[in-house]
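Asks: Got a predicted structure here, sequence first:
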Amino acid sequence: MSKYLYQYKPQGATISVLYAWFEAMHTRIDMVVCDLSELKSIELCDRGYEEIQRISSVMNRFDPASELYNLNLCASKQYIKVSDDLFQVIKYAKESFSKTNESFDITVHSKNDFTGGIDCIEMIEKYRSIRYSHPDVQIDLGGIAKGYALDRVVKIMLGKGVEHFLFNFGNSSIAAHGNNPNGEGWKISLKDGGESYELHNEFLTVSGNNTGERKHILNPQTRKYVEGKMEQAVVTSTGIEGEVLSTTKCILPLR
């Protein structure tokens, strides 16, 4: 099986469209690239695929080969030098902790139910180095890595002069730029009769529980999972901001 499957609407039609999909970061990722040749479209999808896989290999805390896994393993013993990607995401997450009334906490899954982990992350920007001042601290970037990967892919596309595209990470993190093949902007409808959004060079992020049984967002203050079927959607100018705000909107009503 190839790394992704695609369909191409050839030149000569009203507009050329390449649709591709693949699996990465534990989710299905769909891409639509418009108004380019088939060769150029495939080349850019390749580049997007490679970048998403690269970010995943850095930020997957469950993968023993990942950079974050090594950080969680060793940072309580000494300062660990990390990549710019990992340093900047952790820095952004630390800053978001206070901005969200301590609702967005990447250390919420620390060992032994340890709390206050965010204040135990020591960072030296000059050397891109990180240390944990408590042995139970663990960082989980599952609530923010997709947004960062989305930002990275969008930056690549814009850097290559691509104007019209849509990237959909599992129907929860979406970037839309330029126009769809049939008109202006990109109209996105949430499933189950949910609200519709028309995106113009924007990101749509959705967090919550798609069923009443699902529980995966842990409130760092109450130490209880968000329960019940509910979804919170936000439209933002960056993917990483959307991940933080949508998760926060799920938690704040419970406090």
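Replies: Nice, thanks for sending it over. The shown structure was predicted, so the numbers you read here are calculated from the model rather than taken from an experiment. Numbers count the residues shown, from 1 in each chain.

Asks: only C-alpha atoms for contact and neighbour calcs from this point on.
Replies: Noted.

Asks: what's around Ala24, how many residues?
Replies: Each residue near Ala24 was counted by other CA atoms under 10 Å, and the total is 16.

Asks: same question, the one 3 residues further on
Replies: Thr27 has 14 neighbouring residues, counting by other CA under 10 Å.

Asks: So it versus Ser173, what's the distance?
Replies: 11 Å (CA to CA, to the nearest Å).

Asks: which secondary structure elements does the helix or strand containing Tyr148 contact?
Replies: When elements are assigned from DSSP states H and E, Tyr148 belongs to helix 145-159. The elements that helix 145-159 packs onto, with contact taken as 3 or more CA pairs under 8 Å, 6 or more residues apart in numbering; DSSP states H and E, are helix 38-59, strand 173-177, helix 239-251.

Asks: mind listing what's buried in it?
Replies: For helix 145-159, a neighbour-count test (16 or more other CA atoms under 10 Å) marks 145-154, 156-157 as buried.

Asks: Now find how far off-centre that helix is within its chain.
Replies: Here the centre of mass of C-alpha atoms in helix 145-159, compared against the chain's by CA atoms, centre = their mean, to the nearest Å, lies 9 Å away.

Asks: Quick one: mean pLDDT for that helix?
Replies: Here the mean pLDDT over helix 145-159 is 96, rounded to a whole number.

Asks: which residues make contact with it from outside it?
Replies: Contacts of helix 145-159 from elsewhere in the structure, counted by CA atoms under 8 Å, 6 or more residues apart in numbering, are 25, 44, 48, 51-52, 55-56, 59, 89, 163, 167, 169, 173-175, 238-243.

Asks: so what pLDDT did Ala13 get?
Replies: At Ala13, the pLDDT recorded in the model is 61.

Asks: scratch that, Pro181 is what I was asking about
Replies: In this model, Pro181 carries a pLDDT of 87.

Asks: burial count for it?
Replies: Around Pro181 sit 18 other residues, with neighbours defined as other CA under 10 Å.

Asks: I'd guessed it sits against Val32; true?
Replies: No: Pro181 is beyond contact range of Val32, at 9.8 Å (criterion: CA atoms under 8 Å).

Asks: what helices or strands is the helix or strand encompassing Ile188 leaning on?
Replies: If you go by DSSP H and E, Ile188 is part of strand 186-189. Under the contact criterion of 3+ CA pairs under 8 Å, 6+ apart, strand 186-189 touches strand 196-199.

Asks: Could you rerun that using 10 Å?
Replies: Helices and strands in packing contact with strand 186-189 are listed as strand 173-177, strand 196-199; criterion 3 or more CA pairs under 10 Å, 6 or more residues apart in numbering; DSSP states H and E.

Asks: hey, C-alpha coordinates of that strand in CSV?
Replies: As requested, the backbone C-alpha atoms of strand 186-189 are provided in CSV (Å, rounded to 0.1, in the frame of the first residue of the first chain):
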residue,chain,number,x,y,z
TRP,A,186,-14.5,26.6,2.4
LYS,A,187,-17.7,25.6,4.0
ILE,A,188,-17.3,23.1,6.8
SER,A,189,-20.2,21.4,8.5
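
Asks: No further questions, thank you.
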